[in-house]
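Participant: Need a 3D model of the sequence below.
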Amino acid sequence: MGISPTQLVILLVIVLLVFGTKRLRNIGSDLGNAVKGFRKGIEDEPENKEPEKITTEEKESAEPQNTKENATASRPTDTDV
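Facilitator: Purely as a prediction, here's the structure:
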């Protein structure tokens, strides 16, 4: 019912032929880096950390940027239609 060693070897050979050794090595290293980053993120984060509160100064500095972005948004013209 399980996978026999012969079937496992055949499967590995097919995977190597499809992806190639260089791509498999890159996938393995990327996966390892992702796991390391995840573990580091879990360990570094304190459990009782409260969310940061936005001060009124930060709100005021963000508002002019939002209005400026809205003012520069492109509007359709007769030539665009």
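
Participant: use CA for all of it now, contacts and neighbours both
Facilitator: Will do.

Participant: neighbours around Leu16, how many?
Facilitator: 14 (other Cα atoms under 10 Å).

Participant: what about it, distance to Lys22?
Facilitator: 10 Å (Cα to Cα, to the nearest Å).

Participant: residue ranges with poor pLDDT in this protein?
Facilitator: When residues are selected by pLDDT under 70, those of the chain lie in 1, 45-81.

Participant: Which residue ranges of it form helices?
Facilitator: In the chain, helices defined by DSSP state H lie at 5-19, 21-44, 56-71, listed in chain order.

Participant: Relative to Lys36, how far out is Gln7?
Facilitator: Taken as Cα to Cα, the span from Gln7 to Lys36 is 31 Å.

Participant: make that Thr21, sorry
Facilitator: To Lys36, Thr21 is 22 Å away according to Cα to Cα.

Participant: can you check Val15 too?
Facilitator: Going from Val15 to Lys36 by Cα to Cα gives 25 Å.

Participant: Next: Leu24.
Facilitator: From Leu24 across to Lys36, the span is 18 Å (Cα to Cα).

Participant: now Phe19
Facilitator: 24 Å.

Participant: From Asp30, how far out is Lys36?
Facilitator: Remark: distance between Lys36 and Asp30 (Cα to Cα) = 10 Å.

Participant: Count the residues that sit near Ile27.
Facilitator: Residues near Ile27, counting by other Cα under 10 Å: 13.
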